[in-house]
Structure formats: structure tokens, C-alpha cells
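Asks: sequence below, structure please.
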Amino acid sequence: MAIQQSKRLLRKEMASRLGRLSAQEIDRQSKIIHKMLFQMSEFKQAKRIGLYLSMDGKEIDTLAILSECFERGKQCFVPRYSSDNPNMQMLQIYSWHDYEQMPIEPKYRIKQPSLDDSTRSDAMNSGGLDLIVVPGVAFTCNGLRLGHGKGYYDRWLNQCRQRISSDQNHRYPITIGLSFVEQIVDQIPVNEFDIPIDRILYPLDNVSH
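Replies: Numbers count the residues shown, from 1 in each chain. Predicted structure coming up:
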């Protein structure tokens, strides 16, 4: 209970910090992160990429990343959530037009594949991903992550680990977190279900405005 209370307090603090960011600052930091990600060898080599679709004003913008992935011919997978299912799916989208045609999920106000669309390739059932970009409310420099509290990504990554034990062809992805400077903290309360992230990308303090 103490850990959950600490997480709630940290989420509240992060909401306050992010609420003070201007649209210009969000755009500035997002562009720095995009450049860092595009220069990573892991990104260049990845053929199958999972990517969260960002919430306006609360997360590093990922639409430019999605566009870049399509331009480079990468296979792109995005999350689909359902209020009656604790597990998310990572489903393939095939083009920018495909993205634009997707409906908006009502709770978080982000696009996702329609709940009645059963035709899309599911990353979990088609070999996994090479790399996945995960959202977060706060991060530490050494890879700890505070999510939004639903556990979707931790459960999905744990399912990947379980799948690998029975399927040698299944891949466990490199995990990348994208963070505003304001989201970097010294400590995050975690439990045994919280999975660390391989790399956290954030603008360095000495980056000029």
C-alpha cells in the first residue's frame, strides 16, 4: 500500500510539472528526442517497432516517429486497449492513411485500432518486436519507470518473456522510454511487477533553447 500511495503522489507531482510546460517547450524537447532516437543503431536496425501514440501535452510526441518509421519501411505496431480487458495488444498499422482512419479511444483521447477489427497482425502472435517505445509518467536515468497505473506495458512485456520460453523464434524487444527533462527523477517506488527499461532518452540539461 505504501508503494501505491507513493506512486499516486509522484503521478500528481508529474502532472503538475507537465502542466507548466508550454506547447513550444513540448515541441522543442520532442524534436531533440526524435533526433536522438533516429540516430540509435538499435532503431536503425529494428524492422518491427512498437510505439505508443502520445497524449497531447502529457508525453513526448510520437507521431513524427511513426511517420519516420513508415518512411524507412519499418513495420509499425501500436497499442489497443479495452476497458474490459487488462491486457493490451500491439497491432500493426500499415500507413499514415491507416493511422488517420483509426477511431479515437474515448478515455485517453488517442487513436487506436477499432475494437471490432480482427484483421490486423498481432505482434505477440507473429514473432514479437525488435524495439518498443514505451510511455511513462516518470523515469530514472537507470531505467526505472512509473507508468499510468494500469500495468499494460509491464504485463505485455512479461507475456513476451513467457512466450520466449516456449517459442525460440519469438523476440523480446529492446525497450526505450522517451522523457521530458521534467520527468526525470532520482527515485521511483517499484514492486516485483515493474519491468525496468533498457534506455531512457531525454534532453540533456545543457541543451540550448
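Asks: lowest average confidence, helix or strand, in this structure?
Replies: Ranking every helix and strand in the chain by mean pLDDT, DSSP states H and E puts strand 104-105 at the bottom, with a mean of 88.
Asks: and that one, how far from the chain's centre?
Replies: Relative to its chain's centre, strand 104-105 lies at 17 Å (Cα atoms, centre = their mean, to the nearest Å).
Asks: which secondary structure elements does that strand contact?
Replies: Packing partners of strand 104-105 (3 or more Cβ pairs under 8 Å, 6 or more residues apart in numbering; DSSP states H and E): strand 110-111. Where C-beta positions appear, they are placed from N, C-alpha and C, glycine not excepted.
Asks: mind listing what the strand it packs on pairs with, with the direction of each?
Replies: Each strand paired with strand 110-111, and its direction, by DSSP bridges: strand 104-105 (antiparallel).
Asks: what lies in contact with the strand it pairs with?
Replies: 81, 110-112 (Cβ atoms under 8 Å, 6 or more residues apart in numbering).
Asks: may I ask which two of those residues are separated the most?
Replies: The most widely separated members of the contacts of strand 104-105, counting by Cβ to Cβ, are Y81 and K111 (11.5 Å).
Asks: partner residues bridging E105?
Replies: For E105, the residues forming beta bridges with it (DSSP bridges) are I110.
Asks: ugh, typo on my part, it should be I93
Replies: C76.
Asks: what sits against the residue nearest the centre of the chain?
Replies: Within the chain, one residue has its C-alpha closest to the average C-alpha position: by Cα atoms, centre = their mean, that is V134, at 2.1 Å. Under the criterion of Cβ under 8 Å, 6+ apart, the contact partners of V134 comprise 52, 145, 147, 153, 175-177, 197.
Asks: any chance of those in JSON lines, with pLDDT and neighbour count too?
Replies: Shown next, in JSON lines, are the contacts of V134 (pLDDT from 0 to 100; neighbours: other Cβ atoms under 10 Å):
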{"residue": "Y52", "pLDDT": "96", "neighbour count": "23"}
{"residue": "R145", "pLDDT": "96", "neighbour count": "24"}
{"residue": "G147", "pLDDT": "92", "neighbour count": "18"}
{"residue": "Y153", "pLDDT": "94", "neighbour count": "25"}
{"residue": "T175", "pLDDT": "97", "neighbour count": "22"}
{"residue": "I176", "pLDDT": "97", "neighbour count": "24"}
{"residue": "G177", "pLDDT": "97", "neighbour count": "24"}
{"residue": "I197", "pLDDT": "95", "neighbour count": "23"}
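Asks: okay if I get those residues as CSV plus distance to S118 and secondary structure?
Replies: What follows is those, written out as CSV (distance: Cβ to Cβ, whole Å; DSSP: H, G, I helix; E, B strand; the rest coil):
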residue, distance to S118, secondary structure
Y52, 22, coil
R145, 31, strand
G147, 27, coil
Y153, 23, helix
T175, 27, strand
I176, 29, strand
G177, 31, strand
I197, 31, coil
